[in-house]
Every structure is written in C-alpha cells, then in structure tokens.
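Q: Just need the structure, nothing else, for what follows:
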Amino acid sequence: MILSTQIRRFRRSFRSLKCPSNLLNKVFLLCGHAPAENHTPVVGIILMRLVRAGSLLLSSLLIIVFLAFPLASSQLAERQPIDQALAWFRNSPRDLAQHDFVMTVRLRLLFFWVGKDDVGGGYIRRGVSAQDPHMEFIEVLFGSDPAKAPRAINRWGAGTEISWHKDPVTVDDPRNDVTSSAFFGFMKSSRGKSVSEMKSELEREKAQGLHEFNGIVTRVDSSRALSLVVPLESTTDYTLHDYPRAEPVMLQNLADSARPVRSMDDPSRCNRSAEFLATIAELLDTGLQQHSAPVSRCYIHNAQEYVLTLQEIEPVESLGVRVRGPNNAVLVDTTYKKLVRLDFVSTHKPTGRKSEFAICTAAEGPLRGVPVQITYQPNWWFQVVLNLLPKTNAAQPGGSAHSD
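A: You can find the predicted model right below:
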C-alpha cells in the first residue's frame, strides 16, 4: 500500500512538471462582481477581487510556489502527519450546526453605493466530535454562484479546521486550550493579476475546458508547523454547490502528491496551536466577554506566522437587513436588536500585509456569537456583505439576539 502510494506520487511529480506553479489565494469570506454588464473595466477589477481576496471569513492572501520532485527521505517524516490529517478530514462529522449566508456585492459611485444581492453565498458549520469531545470542527464555504453571477463567474473557497483541546469542549462552552490543529482548504484558483489577465484566463478556461483548483492541508502544534499545497486541473468546473463530491477528489489529490512539505522550525515562532478559524472564534468570544479592544492573537497558516487583532468593538442597537433574490423575491427582511460589531485585522508577519473584515453578532440570546453579518471592504469603493439567512430560507450550497 505504501509502495503504491509512493509510485503514484512519483508519476504525478513528472506530470506536474509540464505546468507552471499555481497562485494560491486563501479565500476567507468573499467573492463579488460588477452590477452591470456595461461596466467593463469595473467587471474586470471585480473579477480580480473574486480570486485575490481572502477567510471564512475568510482573510489573508497567500502566494505559494512549489516545484514538484519525488519525495526525499527527509520528507517522509513530515509526510506522516500530513497523511494522518487527510484521514481525519475524510472522516469528519456531517452533523455540525450550520448557519447559511447570502452574498451581496456593493460598489461606491462617488457619493452613493450600488450593488446586487444574491450573487452567491455559503455557510459556517461548527461542532464537536461525538467520538472525541476534545476534537472541535469549524467549516466554512463561501463564493460566487455561476448560475446567478454575470458571465457565470465561478470563484469560491472552502476550509475545514480541526482543533484538539486539552479538556473536553462544547460549542456552548468554548475553551481556548488548543494543543494541536489541522486545516484543509480547497478553492477555485486563478493567477490573473490585472483586468486583461483575468479576461484571458476566463476565455482560456472556456476554450480548453480545463479548470484550475488548489488544495492545502496543514498541521500545527507547539513544536512544529507543516503545510502541503497542490494544484488540481479538472475538466469539471466544480461550483460551491458541488463541494460534497469535489472534496474527496482534492483530498486524494493531496494524498497522491509528491510535492515537498513546507515546514516552520523557527523556535521563536508563535507558540499557539490554534489556526485561523479557531483564532477568530476565540477573539470573538473574548470580545463579547470583555468588551475591550484592541486584543491580538498570533497564529500559523501555511507554515507562516500571522497576527489577528480585534481592533475595535462597537455596540449596534439596531441593524436592518433586506436582501432580495430572483424575481425580486425577499430572502431576508429583518431588524436585529442589540448587536455588537467587531472589527478584525489579520497581518502577515513576514510582509506586514493586512486584511480587514468585520463581524456583527448578538450580544446575548440564541444568536450570541453567531455572525449575522460579515463585511469585507478592501478599499473605499468595493464591499462584500454576507448576511445570515433565516432558517426557513436557508438553502445549503453545496429583543436581544432576536430579529423583528
């Protein structure tokens, strides 16, 4: 079994030499598009944002270039924890609590905003393993829906994070005692960095019938950080709705890959074992409890160090949300009371590159800690908003704490 796996990795290493290395954008909570077909320059820029913006809240942009070679003996020890993590993700629970979201994109035209609702969506899932109460799962999936987006734009990203806690944990009683973690990410990728490059890329995809995806699996504990990133070319243009059948394809692609594992052995690195999604959850809970900011936590992703800062906390007495879908049907029409807005900044420590996002959640009640609105605005004129769908309207894509 081990020999056959190594042979598959060896063969794939030679096939991968035929293609250039891929650009990996870790998409943490966003996609978008232009509101009208006649805004050609804006469409191109928005397409670029679709594939360059990052997490689950999605969050930081990562450029990872790897050359494919057969596994060296020094890599075998690092492959074992990666393969172990892949087995965990294959058997992750499917009965997690789920919250569904609908996506709105907005553009500022001088003094006012214009935009379009229901261009995509996704979900956040969270739960604890029934077999091991020390094991917590957080899953995110967000992106554009080609059935709704102009030009059938298909850009999305998904991530599953497993955290092992020192003591048993429940979702209602979270503990910030993560001793080890693993992350699996899967996204529709792109290398386009300009309007012309993005247009050419979309035309090439259509002409060649080949679609590029990227996958990543990581392991982090107090003494080591490992990461493996691999590309995938497919004749199937998987959408966010296809994720359940696309996920095992990428997991097998990672398992067969002969690409080297990236490691971080710096003894002065961040000593936390929680990764990005668990770090967001920890700071969100800390902000709701302490009502003070700024508060920062370091974390490791892709064997690189980041710092996530809860920059500001602001009470929101009332927030009205109205989102329309096809044929002007109302998907969300509600007013939330007694919310808290938390502003986050993720900083890539080696480069200083920053990514900002905000989460609105209830201060108390059944929606306490549940994002009811997530906002990402990378510049003054472009904004993506994810709004929580009511349970009666939620469709799986692939008073206090109440709404009126």
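Q: Check the secondary structure at Ala278 for me.
A: Classification of Ala278 using DSSP: H, G, I helix; E, B strand; the rest coil returns helix.
Q: Go ahead and confirm it touches Thr179.
A: No - Ala278 is beyond contact range of Thr179, at 11.6 Å (criterion: C-beta atoms under 8 Å). (Glycine included, C-beta is placed from N, CA and C.)
Q: So the two - more neighbours on which side?
A: Ala278 (24 against 14; other C-beta atoms under 10 Å).
Q: residues of the top strand by length along the chain that come out buried?
A: Ordering each strand of the chain by length in residues (DSSP state E) puts strand 304-324 first. The neighbour-count check on strand 304-324 (16 or more other C-beta atoms under 10 Å) flags 304-310, 313, 316, 319, 321, 323-324 as buried.
Q: now, which of those residues sits nearest Val102?
A: Using C-beta to C-beta, Val323 is the member of the buried residues of strand 304-324 that lies nearest Val102, at 5.5 Å.
Q: Just the pLDDT for that closest one.
A: On pLDDT, Val323 comes in at 94.
Q: do Asp132 as well
A: With respect to pLDDT, Asp132 scores 89.
Q: any idea how far it lies from Leu110?
A: Asp132 is 55 Å from Leu110, where distance means C-beta to C-beta, to the nearest Å.
Q: hang on, the earlier thing: can you put the buried residues of strand 304-324 in a markdown table and add distance to Cys360?
A: Shown next, in a markdown table, are these (distance: C-beta to C-beta, whole Å):
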| residue | distance to Cys360 |
| --- | --- |
| Gln304 | 29 |
| Glu305 | 28 |
| Tyr306 | 23 |
| Val307 | 23 |
| Leu308 | 18 |
| Thr309 | 18 |
| Leu310 | 14 |
| Ile313 | 11 |
| Val316 | 6 |
| Leu319 | 6 |
| Val321 | 10 |
| Val323 | 14 |
| Arg324 | 20 |
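Q: For Arg297, state which of those is nearest.
A: Among the buried residues of strand 304-324, and counting by C-beta to C-beta, the member closest to Arg297 is Leu308, at 5.5 Å.
Q: ok, what's across the strand from the closest one?
A: Leu308 has these beta-bridge partners by DSSP bridges: Arg297, Ser346.
Q: is it true that it touches Leu283?
A: Yes - assessed by C-beta under 8 Å, Leu308 is found in contact with Leu283 at 6.3 Å.
Q: Report the set of residues contacting both of the two.
A: The contact sets of Leu308 and Leu283 overlap at Arg297, Phe344 (C-beta atoms under 8 Å, 6 or more residues apart in numbering).
Q: give me the number of residues near Ala274?
A: Per other C-beta under 10 Å, the neighbour tally for Ala274 reads 28.
Q: In this structure it contacts Ser181, no?
A: Yes - with contact defined as C-beta under 8 Å, Ala274 counts as touching Ser181 (5.9 Å).
Q: which neighbours do the two share?
A: Jointly contacting Ala274 and Ser181 under the rule C-beta under 8 Å, 6+ apart are Ser163, Val220.
Q: so what strands line up beside the host helix or strand of Thr179?
A: Using DSSP states H and E, Thr179 falls within strand 178-188. Strand 178-188 pairs in its sheet with strand 156-165 (antiparallel), strand 211-221 (antiparallel), by DSSP bridges.
Q: Pick the most buried one from those strands.
A: Most buried of the strands paired with strand 178-188 by mean neighbour count (mean count of other C-beta atoms under 10 Å) is strand 156-165; its value is a mean of 26.
Q: Give me the distance between it and the centre of its chain.
A: 9 Å (C-alpha atoms, centre = their mean, to the nearest Å).
Q: likewise stretch 146-166?
A: In terms of C-alpha atoms, centre = their mean, the centre of stretch 146-166 is found 6 Å from the chain centre.
Q: for the stretch 201-350 of the chain, what spans make up the strands?
A: Ranges of strands within the stretch 201-350 of the chain are 211-221, 225-234, 262-264, 295-301, 304-324, 330-348, based on DSSP state E, counting those that start in this stretch.
Q: average pLDDT for the fourth one?
A: Averaging pLDDT along strand 295-301 yields 96.
Q: Restrict that strand to CA atoms and write it as CSV.
A: Listed next in CSV are the C-alpha coordinates belonging to strand 295-301 (Å, rounded to 0.1, in the frame of the first residue of the first chain):
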residue,chain,number,x,y,z
VAL,A,295,-6.7,42.4,21.6
SER,A,296,-4.3,40.3,19.5
ARG,A,297,-3.5,36.6,19.0
CYS,A,298,-0.8,35.1,16.8
TYR,A,299,-1.5,32.1,14.6
ILE,A,300,0.2,29.9,12.0
HIS,A,301,-1.1,29.3,8.5
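Q: List the buried residues of it.
A: Under the neighbour-count criterion of 16+ other C-beta under 10 Å, strand 295-301 has Arg297, Cys298, Tyr299, Ile300, His301 buried.
Q: Widest-spaced pair of the residues you listed?
A: Across these, the longest distance by C-beta to C-beta is 12.6 Å; it joins Arg297 and His301.
Q: Now tabulate the strands of the stretch 201-350 of the chain in JSON lines and tack on distance to Leu141.
A: What follows is the strands of the stretch 201-350 of the chain, written out as JSON lines (distance: least, C-beta to C-beta, whole Å):
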{"stretch": "strand 211-221", "distance to Leu141": "14"}
{"stretch": "strand 225-234", "distance to Leu141": "17"}
{"stretch": "strand 262-264", "distance to Leu141": "25"}
{"stretch": "strand 295-301", "distance to Leu141": "18"}
{"stretch": "strand 304-324", "distance to Leu141": "18"}
{"stretch": "strand 330-348", "distance to Leu141": "18"}
